[in-house]
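Trainee: here is a sequence together with a model predicted from it:
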Amino acid sequence: MSSVIDTTRTQALKARTHATHDQLDQRIMANQPFANRENYSRFLEAQYRFLRDADALYDNPELVALFPDLAERRRYHSIAADLADLADLADLADLADLGRPLPQLQDAPISETLDVATAMGWLYVVEGSKLGAAILYKLAGKLGLDEHCGARHLAGHPDGRARHWRAFTAVLDGLQLDEAAEARVTAGAVAAFACMNGHLDQVYV
């Protein structure tokens, strides 16, 4: 007798975006972002550009209604502080390439009025990146960086990364969406991965 295994929306979304996600991870690590602080500063700039583009999610009224802790999940300001830290460290070490100024960015690709399905696809990528950041945070520690200097945006939530992620996926999996909205969730996630890839193109020229 065969049995039916239910797949959650989160699991299905992970499967649909696996190849894109894996390719992005490999591309990031191929540039050895934790080999030294100079390399890290480039990675940090790409992350800054991406989190700035995604920052409108945290002002989306539909997402605010779904996530009472949405403001706490925001990382744009912490990564801006990380870039400022690197600039300060560059001044101390007299390393001009390390102290990269905040990049001048174009208009963000999304707004706070983005429909909730597409917004959840974007948020899936942004929130999911916090899980992988557990390893990155340890690597940043080898460069003398931590939650107080240079690696704030990689630090885990006080409640724990896994618990914070489960709280997000519980909402994502519980949404009642029609077929068109389901497609927009996937499209939002794919767009977010593409956005980060685009920023890597700009940083690693």
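Mentor: Perfect, thanks for sending it.
Trainee: what about Thr17, distance to Pro61?
Mentor: Distance of Thr17 to Pro61, given as C-beta to C-beta, to the nearest Å: 26 Å. From N, CA and C alone the C-beta is placed, and that goes for glycine too.
Trainee: and those two? Which one has more around it.
Mentor: Per other C-beta atoms under 10 Å, whichever of Thr17 and Pro61 has more neighbours is Thr17, with 20 against 10.
Trainee: now that one: closest residue in space, sequence neighbours ignored.
Mentor: Take Thr17 and drop its neighbours on the chain: the residue closest to it by C-beta to C-beta, 6 or more residues apart in numbering is Ala189, 5.2 Å away.
Trainee: hang on, the one you found packs against Glu127?
Mentor: No. With contact defined as C-beta atoms under 8 Å, Ala189 does not reach Glu127; the gap is 10.9 Å.
Trainee: grab the most central residue of this protein for me.
Mentor: In the chain, the residue lying closest to the centroid (C-alpha atoms, centre = their mean) is Val126, at 3.4 Å.
Trainee: hmm, that residue is touching Leu51, no?
Mentor: Yes. Counting by C-beta under 8 Å, Val126 touches Leu51, with 7.3 Å between them.
Trainee: between these two, what contacts are shared?
Mentor: Contact with both Val126 and Leu51 is made by residues Arg75, according to C-beta atoms under 8 Å, 6 or more residues apart in numbering.
Trainee: what are the buried residues along stretch 126-145?
Mentor: Under the neighbour-count criterion of 16 or more other C-beta atoms under 10 Å, stretch 126-145 has 126-130, 133, 136-137, 139-140, 143, 145 buried.
Trainee: check contacts around Ala155.
Mentor: Ala155 neighbours (C-beta under 8 Å, 6+ apart): 133, 137, 146-147.
Trainee: so, low pLDDT: which residues of this protein?
Mentor: Scanning the chain for pLDDT under 70 picks out 1-5, 91-105.
Trainee: and the helices in it, which stretches?
Mentor: 9-30, 37-54, 61-66, 70-73, 76-93, 116-141, 161-174, 179-203 (DSSP state H).
Trainee: now the angle between helix 116-141 and the second one, please.
Mentor: It stands for helix 37-54. 160 degrees (axes from the mean of the first three to the mean of the last three C-alpha atoms, to 10 degrees).
Trainee: contacting residues for Leu70?
Mentor: 58, 63-64.
Trainee: if any of these are buried, put those into a ChimeraX selection.
Mentor: The ChimeraX selection below is limited to those of those classed as buried (16+ other C-beta under 10 Å):
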select :58,63
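Trainee: quick check: Trp165 touching Leu131?
Mentor: Yes. Between Trp165 and Leu131 there is a contact under C-beta under 8 Å: 5.8 Å.
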